[in-house]
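Novice: got a structure for you, letters missing:
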């Protein structure tokens, strides 16, 4: 049920061979291929696998070389295969175009519970595209948008989606470029959202004004269990 080939640098050729061998498998549930130098070519092969597979519930592609084109291929598979609740494509480089493709694919998803896009350079435009998922999706529990070059502009486009979302428990937007303006916008989210439990803003550019507004909002919301505003040095 569990296959992990992480940290083996199998590259595109090795991954393509593996995906071909797994096409007929109907027992595998967890597949971890982190840190393997997998790029867009292998992502295309994995897309073919995911379109046929009906048993996988967790896919881990953390820290590979997947770019926008590879993300588009994976998005095509996700449109067809809606049975994967845990999808980790963190620390690749899908960019805003890849984020848009995933947003379109996940718009009607009814199974996704965890989405990790850490370190993918999606920027504000990619975040705004993904905001549509957060507003409509009712199954997501954990979202990671850490280290994506997101600024106050992107955060402000996210506010309405988070205010209306009633399923997310953990939201990580740490190590971005958020200042007091973005913090003030997120404070409004905390005031309105009664299901969010953990908000991670570690390593942003939030000063006293933004921190105070966030803390005041959190103090009035009993659902909030953890608010992380620590600096880059902590």
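Specialist: The structure has been received and is ready for your questions. Just so you know, these numbers come straight off a predicted model, no measurement behind them.

Novice: Near the residue nearest to residue 192 when sequence neighbours are not counted, how many residues? Count them for me, please.
Specialist: Once flanking residues are discounted, residue 192 sits nearest to residue 163: 4.3 Å by C-beta to C-beta, 6 or more residues apart in numbering. All C-beta atoms are positioned from the backbone trio N, CA, C, and that covers glycine. Each residue near residue 163 was counted by other C-beta atoms under 10 Å, and the total is 16.

Novice: can I assume residue 163 is in contact with residue 188?
Specialist: Yes. Here residue 163 lies in contact with residue 188, judged by C-beta atoms under 8 Å, at a distance of 7.2 Å.

Novice: Check residue 233 and give its pLDDT.
Specialist: Model confidence at residue 233, given as pLDDT, is 54.

Novice: re earlier: for the residue nearest to residue 192, what are its contacts?
Specialist: Neighbour list for residue 163: 188, 189, 192, 193 [criterion: C-beta atoms under 8 Å, 6 or more residues apart in numbering].

Novice: One more: residue 130?
Specialist: Under the criterion of C-beta under 8 Å, 6+ apart, the neighbours of residue 130 are 99, 102, 103, 117, 122, 145.

Novice: Could you check the pLDDT of it?
Specialist: Predicted confidence (pLDDT) at residue 130: the value is 95.

Novice: Among the contacts of residue 163, name the buried ones.
Specialist: Buried members of the contacts of residue 163, scored by 16 or more other C-beta atoms under 10 Å, are 188, 189, 193.

Novice: can I get those in a markdown table with secondary structure?
Specialist: Below are the buried ones among the contacts of residue 163 laid out as a markdown table (DSSP: H, G, I helix; E, B strand; the rest coil):
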| residue | secondary structure |
| --- | --- |
| 188 | helix |
| 189 | helix |
| 193 | coil |
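
Novice: Low-confidence regions, the chain specifically.
Specialist: Per-residue confidence of the chain (counting by pLDDT under 70) places the weak regions at 232-234.

Novice: Residue 58 and residue 205, how far apart?
Specialist: Using C-beta to C-beta, to the nearest Å, one obtains 34 Å as the distance from residue 58 to residue 205.

Novice: and what of residue 152?
Specialist: Between residue 152 and residue 205 the computed distance is 9 Å (C-beta to C-beta).

Novice: what's the answer for residue 156, then?
Specialist: From residue 156 across to residue 205, the span is 15 Å (C-beta to C-beta).

Novice: For the chain, just list every one of the strands.
Specialist: With DSSP state E as the criterion, the chain has strands at 2-4, 30-32, 58-60, 86-88, 114-116, 142-144, 170-172, 198-200, 226-228.

Novice: any chance of those strands in CSV, plus mean neighbour count and distance to residue 218?
Specialist: Converted to CSV, the strands of the chain look like this (neighbours: other C-beta atoms under 10 Å; distance: least, C-beta to C-beta, whole Å):
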stretch, mean neighbour count, distance to residue 218
strand 2-4, 12, 37
strand 30-32, 19, 35
strand 58-60, 20, 31
strand 86-88, 21, 28
strand 114-116, 21, 23
strand 142-144, 20, 18
strand 170-172, 20, 13
strand 198-200, 20, 8
strand 226-228, 14, 5
